[in-house]
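K.L.:
I need the structure of the sequence given here:
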Amino acid sequence: MAIKKLKIETKQKLQGLGFMSIWIVGLLLFWVYPLVYSFVMSLNKIVIQAEDLIWTFVGFANYGQILLKDTAFWDQWIPFFMESVAMIPIIILFSIISALFLNQKFPMRSFFRAVFFLPVLFTTGGVVINLLAANTGGGAAAGMSNTLTLQFLQDPNLLSFIHSYFDPKIAGTVTDILDSFVIILWYSGVQTVLLLAGLQSISPTVYEAASIDGANGWETLWKITLPGLVPFILIVAVYSVVDQFTLSANPIMGMIQRNMYEGTRGMGYASAIGWLYVTFVMLILAAIFLIFRKALVQRER
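P.N.:
Predicted coordinates:
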């Protein structure tokens, strides 16, 4: 019986591996192999010739060149990092407010939920590309962007106040965020849906007990709703970071592409830029997990 049972368990494991085999092969071929190959490229100087690629091992020289000698990477990374770090909390805050609103009972609630999720369906198309082009000063959607953007965000008095009382770099970041306000709204759809699911996972009996104890809406928000949303806010924060740092208008992505195909430094230099960029993004994600770790531990207690 033991041998027969062992054979049945082994058969089940083999069946499971059989179902997973396609995914495992795809993971190895299309994720692990390109990842390792790009890291090997970053340790070499690669010259493209008509017949072949000429590889010259240089170790971590490409990384030292990017970090210590060339300023182009930092000139692109620092402004983009400051703008992204400022925009991500705004996206999360707007998503929380939207989810709280959509979780209420009111007429045509399903319609408004669909409206808030519509941007997710369009973000892969040309709509957001045109909006991004409009924010840089051109593009066919410039008129639409100016129409959609709230007028008080482009008030000259507000802009002059920002430039008068803030450091020029900080003022530039703030004005870029105001110019990209429509984009912030468009990139809040998935986050809103995730937080809405989190709100619906909180048991109504908890709110009933709080109401019986005499808690008002403000106390319920801070003592029940937001603590219950902490795991979902963590998911939303991670998603927002990944989404923000993989935008099509990302200047680092453009820098990698230019060095990969057009620049004189070659593929190895471009791969090193990509690995440094991924490392910085992973550090940001690690910081987010550390920030939420204490809140998650307190919630479990």
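K.L.:
and the closest residue to residue 244 other than its chain neighbours, how many neighbours?
P.N.:
Closest residue to residue 244 apart from its sequence neighbours, by CB to CB, 6 or more residues apart in numbering: residue 84 at 4.9 Å. (Glycine included, C-beta is placed from N, CA and C.) Residue 84 sits with 20 neighbouring residues when counted by other CB atoms under 10 Å.
K.L.:
and residue 84, what is it in contact with?
P.N.:
By CB atoms under 8 Å, 6 or more residues apart in numbering, residue 84 lies in contact with 241, 244, 245.
K.L.:
so where does the closest residue to residue 219 other than its chain neighbours fall, helix or strand?
P.N.:
Leaving aside its chain neighbours, residue 219 sits nearest to residue 210 (7.5 Å; criterion: CB to CB, 6+ apart). Assigned by DSSP states H and E, residue 210 belongs to helix 204-212.
K.L.:
Which stretches in this structure count as strands?
P.N.:
Listed in chain order, the strands of the chain (DSSP state E) span residues 44-48, 53-57.
K.L.:
Which among these is found nearest to residue 65?
P.N.:
Smallest distance to residue 65 across those (CB to CB): 10.2 Å, for strand 44-48.
K.L.:
picking that back up, if I look at the residue nearest to residue 244, what pLDDT would I see?
P.N.:
Looking at residue 84, its pLDDT is 82.
K.L.:
re earlier: just checking, what packs against the helix holding residue 210?
P.N.:
The contact analysis (3 or more CB pairs under 8 Å, 6 or more residues apart in numbering; DSSP states H and E) places helix 204-212 against helix 217-220.
K.L.:
quick revisit: for the helix holding residue 210, which positions count as buried?
P.N.:
residue 210 (16 or more other CB atoms under 10 Å).
K.L.:
how far out from the middle of the chain is that helix?
P.N.:
The chain centroid and the centroid of helix 204-212 are separated by 35 Å under CA atoms, centre = their mean, to the nearest Å.
K.L.:
can I get the CA coordinates of it in CSV?
P.N.:
Taking Å, rounded to 0.1, in the frame of the first residue of the first chain, the C-alpha atoms of helix 204-212 are listed here in CSV:
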residue,chain,number,x,y,z
PRO,A,204,-19.7,45.0,7.6
THR,A,205,-20.0,43.6,11.2
VAL,A,206,-16.9,45.6,12.2
TYR,A,207,-18.6,48.8,11.1
GLU,A,208,-21.8,47.8,12.9
ALA,A,209,-19.9,47.2,16.1
ALA,A,210,-18.1,50.5,15.8
SER,A,211,-21.5,52.3,15.3
ILE,A,212,-22.9,50.6,18.3
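K.L.:
Report the mean per-residue pLDDT for it.
P.N.:
Mean pLDDT, helix 204-212: 86.
K.L.:
So the residue nearest to residue 244 versus residue 240, what's the distance?
P.N.:
From residue 84 across to residue 240, the span is 9 Å (CB to CB, to the nearest Å).
K.L.:
before we move on, what about residue 43?
P.N.:
Residue 43 is 32 Å from residue 240, where distance means CB to CB.
K.L.:
show me where pLDDT drops low in the stretch 151-300 of the chain?
P.N.:
Low-confidence segments of the stretch 151-300 of the chain, defined by pLDDT under 70, span residues 151-186, 248, 261-264, 297-300.
K.L.:
cutoff 50 now
P.N.:
151-155 (pLDDT under 50).
K.L.:
who has more neighbours, residue 43 and residue 240?
P.N.:
The neighbour comparison of residue 43 against residue 240 (other CB under 10 Å) goes to residue 240, with 23 against 18.
K.L.:
which residues touch that one?
P.N.:
The contact partners of residue 240, taken as CB under 8 Å, 6+ apart, are 88, 91, 92, 187, 191.
K.L.:
got the contact list for the first one?
P.N.:
Taking CB under 8 Å, 6+ apart as the contact definition, residue 88 lies against 237, 240, 241, 244.
K.L.:
Weed out the non-buried ones from the residues you listed.
P.N.:
Neighbour counting by 16+ other CB under 10 Å classes 237, 240, 241, 244 among the contacts of residue 88 as buried.
K.L.:
Which of those residues sits closest to residue 72?
P.N.:
Distances from residue 72 to the buried ones among the contacts of residue 88, taken by CB to CB, are shortest for residue 244, at 21.3 Å.
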